[in-house]
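Mind looking at a prediction? Sequence and model below.
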Amino acid sequence: MRKYLTQMMLTAGLGLVASAGLATPSLAETGAISVVFTKGGFIVGVGGGQGVLVFRGQRYPFSVSGMRSASRSGPRPPNSSAGP
């Protein structure tokens with residue numbers, strides 16, 4: 001039983017070393033994003049904006065929009081964030 005376990009561990013170790021040797025590094029693509037946001041509102045907040053993604057020399061315009069309502073009532077603790 002001990003010999004079988006040793007052989008199994010050796011086989012697994014050799015397989016791991018072999019697969020690590022065959023792995024190739026990946027090269028990530030990079031791009032740039034520019035966005036301009038506008039927002040407004042008191043109880044119900046509305047926001048939006050426009051932007052451009054520059055990737056491989058091409059420009060891809062896009063727009064974003066959203067809405068948020070003040071659903072909390074009462075005072076907030078002093079260290080709370082303004083997020084949802």
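Structure's in. What do you need? Numbering: from 1, shown residues only.

just checking, residue 47 touches residue 35?
No - here residue 47 lies out of contact with residue 35, judged by Cβ atoms under 8 Å, at a distance of 11.4 Å. Where C-beta positions appear, they are placed from N, C-alpha and C, glycine not excepted.

Following the chain past the host helix or strand of residue 8, name the next helix or strand.
Applying DSSP states H and E as the criterion places residue 8 in helix 2-22. As assigned by DSSP H and E, the chain's next helix or strand after helix 2-22 is strand 31-40.

Show me where this protein dips below the pLDDT cut-off.
4, 17-24, 70-84 (pLDDT under 70).

please redo it, this time with the cut-off set to 50
The chain contains residues with pLDDT under 50 at 80, 82-84.

What about residue 2, how many residues nearby?
6 (other Cβ atoms under 10 Å).

Look up how far residue 9 lies from it.
Residue 2 sits 11 Å away from residue 9, going by Cβ to Cβ, to the nearest Å.

Could you do residue 67 as well?
Counting by Cβ to Cβ, the gap from residue 67 to residue 9 is 58 Å.

Over to residue 53?
Distance of residue 53 to residue 9, computed by Cβ to Cβ: 49 Å.

packing partners for the strand or helix carrying residue 52?
Take DSSP H and E as the rule and residue 52 turns out to sit in strand 44-55. If contacts are counted by 3 or more Cβ pairs under 8 Å, 6 or more residues apart in numbering; DSSP states H and E, strand 44-55 sits against strand 31-40, strand 58-69.

Remind me what the first one packs against, helices and strands.
Using 3+ Cβ pairs under 8 Å, 6+ apart as the contact test, the elements touching strand 31-40 are strand 44-55.

strand partners of the strand it packs on, parallel vs antiparallel please.
strand 31-40 (antiparallel), strand 58-69 (antiparallel) (DSSP bridges).

Include distance to residue 25 when you put those strands into TSV, please.
Output for the strands paired with strand 44-55, formatted as TSV (distance: least, Cβ to Cβ, whole Å):
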stretch	distance to residue 25
strand 31-40	20
strand 58-69	26
